Structure formats: structure tokens, C-alpha cells
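Participant: build the 3D model from these lines:
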Amino acid sequence: MTEGEGAGQAREAHQAGPAGQAHQARQTGWALKQACYDAWHRDPPAAQRAAQDLAALAAAHPDDEELQALAAWTAAIAALTEGQLQPALGLLQTAQRSFEARGAGALAAETRVPQIMVLHMLGREAEAEACAEAALALFVAAGDERSAGKVELNLGGVLFRQYRDAEAALYYRRAALRLAKVGDVELSIVADGMLAASLGWQARFDEALQMYERARLRAAPRGLGVLVATMQQGIGEIELHRGQWHRALQQLAAAARSAEEAAAPPAQRIAIETTLADAYLAVRLLAEAAQLYDRVIAEARALGMPTDLARALLQRARAHSLLGDVAKARTGFREAAQLFAEAGNVTVLGLISLEEGRLALAHGEVAVAAERALAAQAALQDCGIVVWQLEARVLMAATAAAAGRLEEATWAYHGVLSDASGPPLLPQPVWLCHAGLGALALDQGKLGEARAHLEQALALVAQVRSALPGDETRSALALEATEMHDRLLAVGLTQGDAAALLVDMERGRGRSLAQGLAELQLPRTGPAQASNQAVQLRWLRQQWRQTLAEGDTSRAPALAARVLALEQELLETHRRAGLAAPALGARATDSAEAAASQDSPFTAEDIAALQRTLGPDRALVAYHLLGDTLLAVVVTDTDVAHHSWAVPGLAEQVAALRFQLQAPRHGGELAQRHGALLRERARRRLQDLHAAVWAPLKPLLGGRRRCVLLPHRELHYVPFAALHDGQRWLVQDHELAWAPSAAVWLALQQRPAPRFASALVLGVADVGLPQVHEEARRVAAAFGSQGSLLLDSQATQAALAGLAQAEAAPDVLHLACHAQFRADSPAFSALHLGDGPMSLLDLAQLRLPPDLVALSACETGASRVAPGEELQGLVRGCLLAGTAAVLASFWAVEDSATASLAVRFYAGLQEGLAPAAALQRAQAEAAEAGAHPFFWAGLALHGRA
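Facilitator: Residues are numbered from 1 along each chain as shown. Below you'll find the predicted structure:
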């Protein structure tokens, strides 16, 4: 019966004469109850409407006990679709008592079926099991196979959520057989999905995936959107547990979208969101995971769902632990443990012990870590969840190593390695074991053994990372390899082979960016249409700026908070669209494999090509900081050499320099009066830094004046051009260019030779940038008839988007405008164009001119140095949008100074100089004229030079 037919019968019941009303009303009531159940998993809003019709019918017959019971029953189902657990339970129990009072024991038993999961979700596990067993006995005795199957499904679910997977699987199998026997297709699909879930937790991954996929294929053509989302979530969970994180992310993002489209009940949406947050946690999108857990926790508290609340609290605490927020992590573990203890869930208490042990070990509390590891191993040994058991054993090995019991640790790591190497291979336990064995070997001076283990660990991380969808997720996972990479560099430094050291450096330097650049040759979608979120965000930003301009301090904080919240919402929408897109078609695996195929590591064979490309007059200088030791490899056409030396307090030196360089920023009479003094103070800082990071390398350069710099960690914030040897600025003697890695620099050199014949110049002026129009006109004029100029309202995102479709795209793009680097959220770093800010999210949709993009704006060269030397900022965005070289500024520079440098730079290009040479001449002229480094040293050339 359809919802419409039920509503029609309800109207007929109201209109029938007194003699037939009661009978017809009951018939209609049962039809509406069936319509409610039919729509429960297919169309929850329709289920709610059926319940409302039945409530109206019952209100018209207040003395009819059967109708009152039916109305309570369906009202409970409607409440469940909205996540109202406690009201639903009360309504179901009301219906049960009413049927029992009328002697309808079979109907009373049916109302127990949904009570089972409601009690479980409310954390009342013992009551849920008792309710299920009582109902099951009644249905089996009555020969009601369908109802017995439904109870077995629910009872299996209760056991499954307590991680009693083997017991749950028995009930799921029985349910599947009963439901197939009576021909209930929808519930048999549910049974297949639940059985697949239990098999997955028993590490029977292939069997589980086959069952999930079969269930999804059965659900989709029947319009069972809620069940489609359930199966996608299940597939995502399996892929997550077996370390196939790229597939997990795709499936879980698709599940979230399917659940939203199907208006799935809140409980299911919470489950999907929690698992998606788990996937973010796995790939080390830590802040994003924590934000998603925050949302889940708030919803679970509001809906009174202690089991889901406890799980989200535990996982958020894990995120806080990895973020280094120890106090929040420990509080979260305690809160989760209390809830799981109240539910009697020993298995998850073991998992909490495991996480507490990891946290303790990370902070040097070895005895606490060992005690927690033992507790975890004891609690998890019989749970059947292989991944957790292996992780507990890895922690036992790590605590043994930390306590100096090296032989015990070695045997423990090898034992886990044997069990985790498959099939199926479980990548994370395997790389943790190799990393642990590598550290042990290094401490014992077994360099060859240490290298072998560390290389295997890093290769496995790289394999997993390269298959992940998108630059953001690949960059985040680099956190997992940071410590291993430093240890490999320590091995290489001791072994003393400079070429091997360079290859080792490249293993952890800009790998995600290199892969992203290689993927530029793959098909990509065009610019996305502006979403409602993006439009709203633009309006909110305008309102916020207006309140600041008007001095309205009362409204500004609230608007700023709304802007930040909407930014995160927009970023999450963008992230999910990118993750889910491959999973919607048949090419999900193909897409991941195509992406992974673009990630080819830098090898010893590439060094010869690098030397040929450098030529006789250029050197590449690659740095790496190992604690207080600075290691550098210098590559020339004739040699690969290395040098290492102590640099205590380098981070403090760099911070002090950056503070000193900002002294002239605000200008004014004080800066003019003390200009010479400020310049001299900066020079002294720069001379100290020259001695610390450059002077020791001069012998290795062999007099070469052209240098490609590969900084590391704090060195990314050093304006090398302004280093001073006591006599001259470095830029007076050296032509400098920056690169993220040797692999990226070499790949960019292979592109077609640049032309620099035509340019598109965009200029957006305001009170803070009065010289922008003059700068833009002079830059455009440098290209003669091939220079196009767009100012203010014409300088828009649409103009940039049109570059990809232009018949003759310009060689150079020059942007003279305000810019903002957002260290808190690099994706929203932005260039402020004539129609508003263009963020990195917007930039990712563009194809920029191939030869050069010049960002003549504040802080355009600023970046956040993420693990793996993945620089997050506008320079990276431009490179990923297709350009080979980016001219950008490390700090906000006074616009007249920038304009002068830009004009001199382009004059050099028109004279035939390479970009790095043109920039060197412009900066050297400013330095020789006595200008403070603040006004000229901020500009740097990134990429091909």
C-alpha cells in the first residue's frame, strides 16, 4: 500500500457511516502502519507522513484501543527516523502493553523488535538482549519466520556493537536464511550487510566486500537509498581496516552523500560521519577529524545515544593525542572509558588502554605505557579484531625497546611483521614494525639493517599515500613518515654517501606536490559553479569588513566566528565532493591507480639527469635539519658533495631575524629617522645567519653563481637573498631560485622553453595599495601590444577562469592586489580580486599560464611547512594550477617598492634574461642603492628559473 492510498483510506474512514467506521478505520490503520514500515528505510519523510495520518485517524476514534496501539507503534517508527530514541521507546512500550492487555501476544512481540536496537542505542545492553531473546522465543514458537529473522537481525546488531562479532555472525546468518525463505527482499539485504560487517571485523575482508557489494547492487535498483548508504559505509569501513584508505575515503564520502539524499535517520548519519572522521584520522587529517567528531558528539548528546557518544569521544581523544593536546586527549579517554565501562564493553576498554599507552610512550612515560600495553593485550586477545590485537603487540614491542629490552623488542616486532604481512597485508602495522626495527638497528650501529627496514617502511607509506585522492590527503599522511625519514637521514649521514643522502632527502620532500604536478596531464573538471555556501561566505565577509571599517566592535567578533564556521563547512563540502566523485562510477580503483602511477620516486639514476640539467654554472643546495645539526647536499655538474655542522638555536635566530626585518613595515617618521640604524641591525642578524647556513657551503659551490635552493623546516622562512658576509649581500653575487624538491625542479625543467612574450596584468587598488594602477600599467607596457590590462572591477575570477578557454593564452600572469596567507587554514589563503577573494580552493579549478605567475601582493610567498616539506600556500596552488614558475613575496611589502622591483624584473625578461637573473639584477640594484632588505629581499622565484 502506498502512502497516498493510506491517506485516501483514512479520509474514507472519516466519511463512512457509524456502522462501518470502526472496521474500515482499523483496516486503514493497519494499511498506514504497513506504509510507515515500507517507507522506513526507503523514504523516511514518507514514513513520518504515514504516522501522522494514522495519528489523525486514531484521534478520530479515541475509544478504539487497537487504533491507539497502532498509532503509538507508527509514531515510534517516525520518531526513530528523526533520532528521538527515548520517545520512541516509550511509544513502543505503550503499544506493547496495549496489545498484551487485549491478549494479542504476537502483536505485542512484534513491537519488541524495534525496541531491541533502541535499547542498545540508549546504552541499555542487557535489557536489549533480554528483550530480543524473549521476542525470538515467541516468534520461533509461533512459526513466524519473518519476525524471528527481524529479531535475529537486531540481536546480532546488539552483539556486533559490543564487538562480539563471531556471536553476531551466527544470528545474522540465521536471519538471512529465514528472510530469504519468506521472500522479504529488503530485510534480506539488511541481513547480508550486517553479516558482511561482522566478517570484516574478523579480517575476512574479501568475503565481506563481496557481500556488501552484492547487497548494494540489490538495494540500488529498488530505490532503497538508506540501505545503499549503509552498504557504502560498510565497504568504507572494511577498506579502512585493511589499510586501503583511498577506497575508504571514496566510499565513506559517497555514503554521506547517499544518506543525505535519502534523508536517512540521524542514527545512521551519525554512524557514517563517525566512520568518515575515522578515515580522516587514519590519513592524519587531524584537525578535520576532530571537528567532525565535535559535531557527532554534539548530535549524539542531543539525541541521547551513549554508545555513539562514547565511540566519538574515544576517537576525538585519539585525534587530540596526535595533535599534541595531551590534556584534552586524557580527558577524552577518561570520559569514553566511563561510558564503555557502564555498558560493560571490555573490548573497547582494551582499545582505550592501547591509546593511553601510546600517549604515555610518546611523552616518555615508559612504565605507564608498558602497564597500559599489557592491559590492552589482555582485553583484546579474545575479541577477534586482528588489527587491534596487532596494534597492541606493536605497543608492547615499542615499550620493550624504550625500556632497553632490545632482544625482546626485536622478536616482538618480527612476530607482528609475520602476522601482518598477509594476505591480506595490513600496511600500518607492517610499516610500524619496520620503523621500530630500523630504529633498533640504528641504535646498535647496524646501518645496513637499519636502512633496509626504514626504506621498506617509507616505501609502504609512500605506496598508501600515492593512492589517496587529492593533494590535501596525500600531504597530511606525510606526518606518518617524518620520524622514519629523519632516522633514514641519520643512517645516510653516518654512511657518508652524498648521492645516497640526496635520494634519502627526496623520499620525504614534496612528494605529494610532485605527484600533483605529474597529474596535470590527466583529465580534470572545469571550474565549479559557485555554491550557496560560497555565496553566503562572500556576503558574510563583506559584512564583517564593513563592521570593522565602521568600528562596530560589538558585531565584528560574531561575524568573524560565522565566517570561520562557514569556511570550514565549505572546505568540508569541497573535500567530500573530491573524495566521493571517483566512487560514484565504475572507475574508482582505476582513478586511484592512475593517480598512484604518477608518483615515481627520485632515484640515483635521476642524479645524472639533474647534473646535466644544472649545467656548468649552476648548483643545487638541498638542506635538512636533524635536531641541532644542519645537513646539506650540494649538486653540481661534476660532483655531489655533502657537509653537516652544528646550528644550535637556529629556529630562534630565524625568528629574531624576521622580527627585525619587519621594523620598517609601518614606515612613518621613526623609520625614516632611524633608517640607517634599522638597516644595520638587520644586517648584523643576516650576517650571523650567513655564517650559520651559507658560509660552510661556499667551498662546495666551486665558484658557481647560480643556485637552486631546497630549504628545510625553519630555513623556508629565511630570505637568502639578503644574507650578508660582512662585505656584500648574497644576491649581489648569486642568482637564487627556490624549489620544493629536486624531483619537482627537474620535472619543471623538462617543460617547453618559456617565451615571456605576452602577459595578462590584473591590478586591484585600494587605500592601502595606492601604487597598484601605476605598477600594473607599467608592467603591461613592458609587453607592448602583447600586454593586456584589467583593473579593479574588470580584474575578476571570471577573467582568470577564461584563460583555460582562450585561443592564445598569455605566457605570463601578473597579479597586483592584496593577498592574505592563512596559516590557520591555508585553503582559504586568498588573492583579493575585483569581485572578491579568490582562495586556494578557487585557484585549484584554474589552468594558469604555463611560464610565469607573478604575485605582486602581500605574503603571497608565505607558506605553512607541513610534514614531508609540503608547503601549503599560494605558491603551491599556482604550481598545481599549471604554471612552471611563481614570483611571490615572503612578507607584506610597501607597494611602491614592489612596483619598482617588478618593473625592473620585467625589463630584464624583455632583455632576454632568465627570471632568476632578472630578479637578481633588480634586487642587487636596490641593495646597492642602500635600501633596507625589507623593501627588496621578500621577493623570491619558485619553481623553474
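Participant: okay, helices next: where are they in the stretch 601-750 of the chain?
Facilitator: 604-614, 650-661, 668-673, 675-693, 698-701, 742-749 (DSSP state H, counting those that start in this stretch).
Participant: repeat for the stretch 401-550 of the chain
Facilitator: 406-420, 427-443, 447-467, 471-477, 482-495, 498-507, 511-518, 532-550.
Participant: quick one, which of these is nearest to Ser896?
Facilitator: helix 532-550 (24.0 Å; Cβ to Cβ). Just so you know, the C-beta spots here come from the backbone N, C-alpha and C atoms, and that holds for glycine as well.
Participant: how would you label the closest residue to Trp738 other than its chain neighbours: helix, strand or coil?
Facilitator: Excluding its sequence neighbours, the residue lying closest to Trp738 (Cβ to Cβ, 6 or more residues apart in numbering) is His942, at 4.7 Å. Following DSSP: H, G, I helix; E, B strand; the rest coil, the label given to His942 is strand.
Participant: who's in contact with His942?
Facilitator: His942 makes contact with Ala737, Trp738, Ala739, Pro740, Gly861, Val875, Leu879, Ala885, Val886, Leu887, Ala888 under the criterion Cβ atoms under 8 Å, 6 or more residues apart in numbering.
Participant: ok, back up a step: of the helices of the stretch 601-750 of the chain, which stretch is the most buried?
Facilitator: Most buried of those by mean neighbour count (mean count of other Cβ atoms under 10 Å) is helix 742-749; its value is a mean of 22.
Participant: which neighbouring elements make contact with that one?
Facilitator: helix 498-507, helix 511-518, helix 604-614, strand 618-626, strand 706-710, strand 939-943 (3 or more Cβ pairs under 8 Å, 6 or more residues apart in numbering; DSSP states H and E).
Participant: same list (these) but as JSON lines, adding mean pLDDT and distance to Ala757.
Facilitator: JSON lines is the format used below for the helices and strands packed on helix 742-749 (pLDDT from 0 to 100; distance: least, Cβ to Cβ, whole Å):
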{"stretch": "helix 498-507", "mean pLDDT": "95", "distance to Ala757": "34"}
{"stretch": "helix 511-518", "mean pLDDT": "80", "distance to Ala757": "24"}
{"stretch": "helix 604-614", "mean pLDDT": "95", "distance to Ala757": "24"}
{"stretch": "strand 618-626", "mean pLDDT": "97", "distance to Ala757": "24"}
{"stretch": "strand 706-710", "mean pLDDT": "97", "distance to Ala757": "24"}
{"stretch": "strand 939-943", "mean pLDDT": "92", "distance to Ala757": "19"}
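Participant: please identify the deepest-packed of these.
Facilitator: Most buried among the helices and strands packed on helix 742-749, counting by mean count of other Cβ under 10 Å: strand 939-943, with a mean of 26.
Participant: so that strand versus strand 706-710, what angle?
Facilitator: 80 degrees (axes from the mean of the first three to the mean of the last three Cα atoms, to 10 degrees).
Participant: now the angle from strand 939-943 to helix 511-518?
Facilitator: 70 degrees.
Participant: render the CA-only coordinates of strand 939-943 in CSV, please.
Facilitator: Provided in CSV are the C-alpha atoms of strand 939-943 (Å, rounded to 0.1, in the frame of the first residue of the first chain):
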residue,chain,number,x,y,z
LEU,A,939,60.5,38.6,-3.4
ALA,A,940,61.6,35.1,-4.4
LEU,A,941,61.3,32.9,-7.5
HIS,A,942,59.9,29.5,-7.0
GLY,A,943,60.0,26.6,-9.5
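Participant: circling back to that earlier point, Asp766 is nearest to which of the helices and strands packed on helix 742-749?
Facilitator: strand 939-943 (21.1 Å).
Participant: how far does the closest one sit from its chain's centre?
Facilitator: 28 Å (Cα atoms, centre = their mean, to the nearest Å).
Participant: next: stretch 721-728.
Facilitator: Using Cα atoms, centre = their mean, the offset of stretch 721-728 from its chain centre is 41 Å.
Participant: what's the farthest-apart pair in the contacts of His942?
Facilitator: Pro740 and Leu887 (15.5 Å).
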